[in-house]
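In: structure for the following, please:
(one chain, ligands or ions: 1)
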Amino acid sequence: MSAVNIVLQPRPAGGLGVDPSVDREIQAIVAGASTAETCNTDLADGPWNFDARPGYGPGSSMGDIIPTGSPRQGELPLAYREASDDELDARIIAAKKTLGDRVVVLGHFYQREEVVRHADYVGDSFQLANAAKAHPEAEAIVFCGVHFMAETADLLSQPEQAVILPNLAAGCSMADMADIDQVEECWEQLAEIYGDMDAVDQDGLVPVIPVTYMNSSAAIKGFVGRHGGIVCTSSNAQTVLEWAFERGRRVLFFPDQHLGRNTAKAMGVTLEQMPMWNPRKPLGGASADELEDARVILWHGFCSVHRRFTVEQIDKARAEHPGVRVIVHPECPMAVVDAADESGSTDYIRRAIEGATEPTTFAIGTEVNLVQRLAAANPQHEIFCLDPVVCPCSTMYRIHPGYLAWVLEGLVNGEVLNRITVPADVADPARIALERMLAAKPPAAPVPS
Ligand code: SF4
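Out: Next comes the predicted model:
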């Protein structure tokens, strides 16, 4: 296997002088130059080494089962696999200069530093989709994130604009946990319990409103749009649930059980009122009585990045760093959210750190690339990831400067590579579900880089 060519730099333990690059950290671990630990030393290799293999590849989702038929990426040309970091940087900069306003490059918060530095905007998935929408003059939008994010950008951009995902293997294991066939089947089974799903009761409520997290396929967003439902993000989930409870007696929430549970619990819904729906079991594994009494039916999905965080890690951080401020993402399990000082979206975490006026120690429970970049950008604070094992998102990792250079140079040569297109019959209802969310609560602005 060919390794990613990265210059090793020692990394201080948080605070001043933190190296923002997780790639360099992993290279240092593999070379024995760092005492830190990684969940998989294969992360030191180029992601192209895993494109032809089944599975999510090394990183947090490596133990998850990938659906049959998930997109695979064809072989990246050798010139990009063998190029040095400096060469790739130079090629990306040159291609972007040639393309000018014809292209917008979007970088998710969880992308590696070596990609984010080339992004025109950095943000969460919905902020970035809106950044794409704000550039109707661009012929192409290169989305350095995962598949569902590129789909959302396609939904919100102009029909003639090409949305490009640099590596087609960059899916999302959580989004893959709810496929459209399973959701349709669930809906049919719920209709057997609740009767006519469009009928309103004496309070003007339908039996169930489907709510999908932004981290889901366009097909699921389309399903939600067709059935009177709505999309949510981690920053507006409570507003969206309030919207849904004004219209329905219950909510079917997918794919992330943790975001659904944490949000509904904060709104006063009891755990008994939140049965789980496991798509591999009849009636999702719940009883008819549990479903009758349900307020929120939680899909059995989760994010393997955020599932790594534990209460023990928080206890350790508090013992070793008295006064530490612990902030975790609401995709973390309930016990972790309860043990933390605060929970919030990636944008919430960023703003909390940037808004702290006194030097503070932060222990953060979210993807390590964002944590490490925040630590480097805010040297007045000590910031560290709660998880001591360096284990980035397996699929965000699949985007590498080599793929970014490849798709940008393709555009320079008049070739649109890896275009993501949502078919019209899915796109129309999916847009309705997104528009309902926008009407409920507009998103915060993305961060121009
Ligand atoms: S961090 Fe979790 S939800 Fe986000 S892309 Fe990775 S697996 Fe999916």
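In: up against the ligand, what does the chain have?
Out: 61, 110, 146, 172-174, 215, 303-305, 367, 393, 395-396 (Cβ under 6 Å from any ligand atom). Every C-beta, even on glycine, is put in place using the N, C-alpha and C of the backbone.
In: pLDDT (mean, whole number) over stretch 29-45?
Out: Stretch 29-45 comes out with an average pLDDT of 97.
In: and that stretch, how far apart are its ends?
Out: 13 Å (Cα to Cα, to the nearest Å).
In: mind putting the residues of the chain next to the ligand in CSV, secondary structure, neighbour count and distance to residue 345 included?
Out: Putting those into CSV (DSSP: H, G, I helix; E, B strand; the rest coil; neighbours: other Cβ atoms under 10 Å; distance: Cβ to Cβ, whole Å) gives the following:
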residue, secondary structure, neighbour count, distance to residue 345
61, coil, 26, 20
110, coil, 27, 12
146, coil, 28, 16
172, coil, 25, 16
173, coil, 28, 19
174, coil, 30, 15
215, coil, 28, 12
303, coil, 27, 13
304, coil, 22, 18
305, coil, 27, 14
367, coil, 28, 12
393, coil, 26, 16
395, coil, 30, 19
396, helix, 25, 16
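In: and the residues you listed as JSON lines, adding pLDDT?
Out: Listed next are the residues of the chain next to the ligand as JSON lines, based on pLDDT from 0 to 100:
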{"residue": "61", "pLDDT": "98"}
{"residue": "110", "pLDDT": "97"}
{"residue": "146", "pLDDT": "98"}
{"residue": "172", "pLDDT": "97"}
{"residue": "173", "pLDDT": "98"}
{"residue": "174", "pLDDT": "98"}
{"residue": "215", "pLDDT": "97"}
{"residue": "303", "pLDDT": "98"}
{"residue": "304", "pLDDT": "98"}
{"residue": "305", "pLDDT": "98"}
{"residue": "367", "pLDDT": "98"}
{"residue": "393", "pLDDT": "98"}
{"residue": "395", "pLDDT": "98"}
{"residue": "396", "pLDDT": "98"}
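In: what about the residue in the stretch 201-350 of the chain positioned nearest to the ligand, distance to residue 64?
Out: Using Cβ to the nearest ligand atom, residue 303 is the residue of the stretch 201-350 of the chain that sits closest to the ligand, at 3.3 Å. Noted for residue 303: a distance of 10 Å to residue 64, by Cβ to Cβ, to the nearest Å.
In: give me the common contacts of these two.
Out: With contacts defined as Cβ atoms under 8 Å, 6 or more residues apart in numbering, the residues shared by residue 303 and residue 64 are residue 173.
In: for the residue of the chain positioned farthest from its centre, which three-state class applies?
Out: In terms of distance from the mean C-alpha position of the chain, residue 202 ranks first, at 39.1 Å (Cα atoms, centre = their mean). Look at residue 202: counting by DSSP: H, G, I helix; E, B strand; the rest coil, its state is coil.
In: the one 10 residues further on now?
Out: The three-state label given to residue 212 by three-state DSSP is strand.
In: touching, it and residue 254? I think so.
Out: Yes. Between residue 212 and residue 254 there is a contact under Cβ atoms under 8 Å: 5.6 Å.
In: which neighbours do the two have in common?
Out: Joint contacts of residue 212 and residue 254 (Cβ under 8 Å, 6+ apart) are 178, 220.
In: list the residues that contact residue 178.
Out: 212, 216, 217, 220, 254, 255, 279, 299, 301.
In: compute the number of surrounding residues for the fifth one.
Out: It stands for residue 254. When counting by other Cβ atoms under 10 Å, one arrives at 31 neighbours for residue 254.
In: would you mind listing the buried residues in the helix or strand harbouring residue 96?
Out: Per DSSP states H and E, residue 96 falls inside helix 85-99. For helix 85-99, the neighbour count (16 or more other Cβ atoms under 10 Å) marks 85, 87, 88, 89, 91, 92, 95, 96, 99 as buried.
In: any idea of the mean pLDDT in it?
Out: 98.
In: check which helices and strands it sits against.
Out: Contacts defined by 3 or more Cβ pairs under 8 Å, 6 or more residues apart in numbering; DSSP states H and E place helix 85-99 against helix 401-412.
In: can you list the helices and strands that the helix it packs on packs against?
Out: helix 78-82, helix 85-99, strand 103-108, helix 113-116, strand 140-144.
In: could you point out which element follows the shortest one?
Out: I take that to be helix 113-116. Next along the chain after helix 113-116, with elements defined by DSSP H and E, is strand 121-123.
In: likewise for the last one?
Out: Stepping forward along the backbone from strand 140-144, the first helix or strand reached (DSSP H and E) is helix 147-156.
In: and for that next one, what are the contacting residues?
Out: 71, 106, 108, 125-126, 128-130, 132-133, 141, 143, 163-165, 168, 170-172, 175, 214-218, 221, 420-422, 427, 430-431, 434.
In: between strand 140-144 and that helix, find me the angle.
Out: In terms of direction (axes from the mean of the first three to the mean of the last three Cα atoms, to 10 degrees), helix 147-156 departs from strand 140-144 by 150 degrees.
In: from the chain's centroid, how far away is helix 147-156?
Out: 12 Å (Cα atoms, centre = their mean, to the nearest Å).
In: state the mean pLDDT of it.
Out: Helix 147-156 comes out at a mean pLDDT of 96.
In: contacts for whichever helix or strand comes after that helix?
Out: Per DSSP H and E, the first helix or strand lying C-terminal to helix 147-156 is strand 162-164. Under the criterion Cβ under 8 Å, 6+ apart, residues 132, 139-143, 150-151, 153-154, 157, 407, 411, 416-421 lie in contact with strand 162-164.
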